[in-house]
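Participant: Just the structure for this:
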Amino acid sequence: MAVPSQVLQEREVYTVSRLNREVKWLLSDSFPKLWIEGEISNLARPASGHWYFTLKDAQAQVRCAMFRRHGERLDFTPANGLHVLALVQVSLYEARGEYQLLVETMEESGDGALRRAFEALKQRLAREGLFAAERKRPLPKWPERVGVITSPTGAAIRDVLTVLRRRFPALEVIVYPCQVQGAAAKHEIARALKIANQRAECDVLLLVRGGGSLEDLWAFNEEEVARAIYASRIPVVTGIGHEIDFTIADFVADHRAPTPSAAVLAVSPDGEDLHRQVQVLTRRLQQAAERQLRQSRQQLAWLTGRLRSNHPARRLGDWMQRLDELTLRAQRALLGQLAHRRQQLKTHLARLARHHPKTRLAQLQSRVEQLDRRLLELQAMRLKTGRLRLAELSRALEAVNPLATLARGYALVTDLDTGRILTSARGIAPGARVQVRLAQGKLLCEVKETLNG
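Facilitator: Numbers count the residues shown, from 1 in each chain. As a prediction, the model looks like this:
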């Protein structure tokens, strides 16, 4: 059916170009510049230098364009799979009627930004020498006490205690609790390291945390934590996340373990291995004892053989014969000596008869009497001299005897409060109590008045 010309004249007919243009203006006016987050895909950069790509999330995607003048100001290179935060203007590409976003600037978000910050801090600390291998200290072979810096409610502390209970239950554990995730985690970790060093009660420190995303583990990539590990005087072992996770703390630590459980294995002796070593040493000791016993038995058998070949019964017969021979020689010698002594006795008896002892005895008796008289004289003289000396000393002692002075009418006055002997009335106040000692007896007196003369 034909449409009347009048009706056609009343309609406003849009061209496609006009429609797309007005839609573009409508979109631009309706949406101010906004930030949008998504993952880059389908990235293209033609010779013009402009960037064309798609931003997507789990449910949708949108085409984007970033002109060269804006792209040159980026401090990173966009790539497929990179998660970004973009400042965009909602627009429409008129030529194809496609809805798109015009990107003015972009910055990495999520893991991308964190990894760039990670690499920047890693390079700076490496230049300062915090990762130097020569400053890393060896771990103690036989620690008595291990400090664990971690969350007291996390899975890491349970793993540490479980492994220790199985591997070496005698090792003492001290937990320094702290947050291991969140804004305050870096301060608490650094403070726990400082407290552990101040107390100095552990031989080695374990800094551990279970697995998580890069954001979850970020506290261990903070400069404050890295410098606290570097300043620690106690060796530090890290066991953060899983085997593939590396943090700044791992590079600064004296030893890096891939997991919390591996950190325990790095610092604790192996109880089963020690048991095996004890068993080996016990067997070696038993073998050495048995070897020594065999050697002793062989030596005993050899000495027994020698003893049998040189039995004392054989030599006893020789010595008995020798004894008989010596006995006979001794008897003959004694008989000869006895005869000689008898002859000497006869000679001395003859001489004694010629020199009778009565004469000698009389001489000696006279000498004794003379010595007795001299002894009595000396004793009398010494006694007299002693008595004179005693009398002289008695007179001298009597002269200085204070009681003798009292007998002449003098008295000895003592202050009862201080116990000192008074020689002057000065300093004695009326009412003071004094003791007066006489030649016979004492008087307790009270001072009524002092006269200074």
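Participant: make it CA atoms for all contacts and neighbour counts henceforth
Facilitator: Noted.
Participant: how close does Lys442 get to Asn221?
Facilitator: Separation of Lys442 from Asn221 (CA to CA, to the nearest Å): 97 Å.
Participant: the more surrounded of the two?
Facilitator: The neighbour comparison of Lys442 against Asn221 (other CA atoms under 10 Å) goes to Asn221, with 25 against 13.
Participant: wait, what's in contact with that one?
Facilitator: Asn221 makes contact with 118, 247-249 under the criterion CA atoms under 8 Å, 6 or more residues apart in numbering.
Participant: Over to Leu27?
Facilitator: Leu27 makes contact with 90-92, according to CA under 8 Å, 6+ apart.
Participant: Out of the residues you listed, which is nearest to Asn452?
Facilitator: Val90 (122.0 Å; CA to CA).
Participant: need the next SSE after the helix or strand that contains the closest one, C-terminal direction.
Facilitator: Under the criterion DSSP states H and E, the helix or strand holding Val90 is strand 83-93. Moving toward the C-terminus from strand 83-93, the next helix or strand (DSSP H and E) is strand 98-108.
Participant: okay, the angle between that next one and strand 83-93?
Facilitator: Between strand 98-108 and strand 83-93, the angle comes out at 150 degrees (axes from the mean of the first three to the mean of the last three CA atoms, to 10 degrees).
Participant: And this structure, what are its domain boundaries?
Facilitator: 9-109, 115-135+144-268, 270-300, 406-446 (automatic domain parsing).
Participant: Any idea how far the second one is from the middle of the chain?
Facilitator: Meaning domain 115-135+144-268. Mean C-alpha position of domain 115-135+144-268 versus that of the full chain (CA atoms, centre = their mean, to the nearest Å) differs by 19 Å.
Participant: Now it: average pLDDT?
Facilitator: Average pLDDT, domain 115-135+144-268: 89.
Participant: and what of the last one?
Facilitator: Along domain 406-446, the predicted confidence averages to a pLDDT of 83.
Participant: Neighbours of the residue nearest to Leu438 when sequence neighbours are not counted, how many?
Facilitator: Nearest non-adjacent residue to Leu438, counting by CA to CA, 6 or more residues apart in numbering: Ala411, 5.0 Å away. Taking other CA under 10 Å as the neighbour definition, Ala411 ends up with a count of 18.
Participant: from memory Ala411 sits against Val436, does it?
Facilitator: Yes: with contact defined as CA atoms under 8 Å, Ala411 reaches Val436; the gap is 6.3 Å.
Participant: got the domains of the chain as CSV, with distance to Arg351 columns?
Facilitator: Below are the domains of the chain laid out as CSV (distance: least, CA to CA, whole Å):
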stretch, distance to Arg351
domain 9-109, 143
domain 115-135+144-268, 99
domain 270-300, 70
domain 406-446, 80
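Participant: Tell me which of those domains lies nearest to His340.
Facilitator: Closest approach to His340 among the domains of the chain (CA to CA): domain 270-300, 56.2 Å.
Participant: still on that earlier bit, top of the contacts of Leu27 by neighbour count?
Facilitator: Going by other CA under 10 Å, Leu92 tops these with 23 neighbours.
Participant: ranges for the helices of the stretch 51-200 of the chain?
Facilitator: Listed in chain order, the helices of the stretch 51-200 of the chain (DSSP state H, counting those that start in this stretch) span 68-71, 111-128, 155-167, 185-199.
Participant: For those, could you give me CSV that also reports distance to Ala288?
Facilitator: Output for those, formatted as CSV (distance: least, CA to CA, whole Å):
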stretch, distance to Ala288
helix 68-71, 81
helix 111-128, 54
helix 155-167, 31
helix 185-199, 46
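Participant: and Arg291, which of these is closest to it?
Facilitator: helix 155-167 (35.1 Å).
Participant: Residues touching that closest one, excluding its own?
Facilitator: Contacts of helix 155-167 (CA under 8 Å, 6+ apart): 148, 150-151, 171, 208-210, 260-261, 264-265, 268-272.
Participant: Can you name the residues bridging to Arg145?
Facilitator: Arg145 forms beta bridges with Glu172, as assigned by DSSP bridges.
Participant: Go ahead and measure how far stretch 415-429 is from the middle of the chain.
Facilitator: Computed by CA atoms, centre = their mean, the chain-centroid distance of stretch 415-429 equals 66 Å.
Participant: Comparing the domains of the chain, which comes out most buried?
Facilitator: Mean neighbour count (mean count of other CA atoms under 10 Å) peaks for domain 115-135+144-268 among the domains of the chain, with a mean of 19.
Participant: Tell me where the model's unsure across the stretch 301-450 of the chain.
Facilitator: Along the stretch 301-450 of the chain, the model assigns pLDDT under 70 to residues 308-315, 317-318, 353-356, 359, 402-404.
Participant: Do a quick rundown of the strands in it.
Facilitator: With DSSP state E, counting those that start in this stretch as the criterion, the stretch 301-450 of the chain has strands at 412-415, 433-437, 442-446.
Participant: Show me what the second one is packed up against.
Facilitator: The reference is to strand 433-437. For strand 433-437, the packing partners by 3 or more CA pairs under 8 Å, 6 or more residues apart in numbering; DSSP states H and E come out as strand 412-415, strand 442-446.
Participant: Format the ones you listed as CSV; extra columns: distance to Cys64.
Facilitator: As requested, the helices and strands packed on strand 433-437 are exported to CSV (distance: least, CA to CA, whole Å):
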stretch, distance to Cys64
strand 412-415, 116
strand 442-446, 121
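Participant: what about Val155, distance to Leu207?
Facilitator: To be clear, residue 155 is Ala; Val isn't right here. Distance of Ala155 to Leu207, given as CA to CA: 13 Å.
Participant: What of Ser28?
Facilitator: Note on Ser28: its distance to Leu207, by CA to CA, is 53 Å.
Participant: Over to Pro177?
Facilitator: 11 Å.
Participant: Read off the pLDDT value for Lys56.
Facilitator: We have a pLDDT of 92 for Lys56.
Participant: Output the strands of the stretch 301-450 of the chain in TSV; the columns should cover distance to Arg374.
Facilitator: Putting the strands of the stretch 301-450 of the chain into TSV (distance: least, CA to CA, whole Å) gives the following:
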stretch	distance to Arg374
strand 412-415	53
strand 433-437	54
strand 442-446	56
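Participant: Can you show me the helices along the stretch 201-350 of the chain?
Facilitator: Along the stretch 201-350 of the chain, the stretches classed as helices by DSSP H, counting those that start in this stretch are 223-231, 248-252, 260-267, 271-309, 312-354.
Participant: Output the first one as CSV, nothing but the C-alphas.
Facilitator: Just to be clear, that refers to helix 223-231. Only the C-alpha atoms of helix 223-231 are listed here, as CSV (Å, rounded to 0.1, in the frame of the first residue of the first chain):
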residue,chain,number,x,y,z
GLU,A,223,60.2,-2.1,53.4
GLU,A,224,59.6,-1.9,57.1
VAL,A,225,59.5,-5.6,57.5
ALA,A,226,62.6,-6.1,55.3
ARG,A,227,64.6,-3.7,57.4
ALA,A,228,63.4,-5.3,60.6
ILE,A,229,64.7,-8.7,59.4
TYR,A,230,68.0,-7.1,58.3
ALA,A,231,68.4,-5.5,61.8
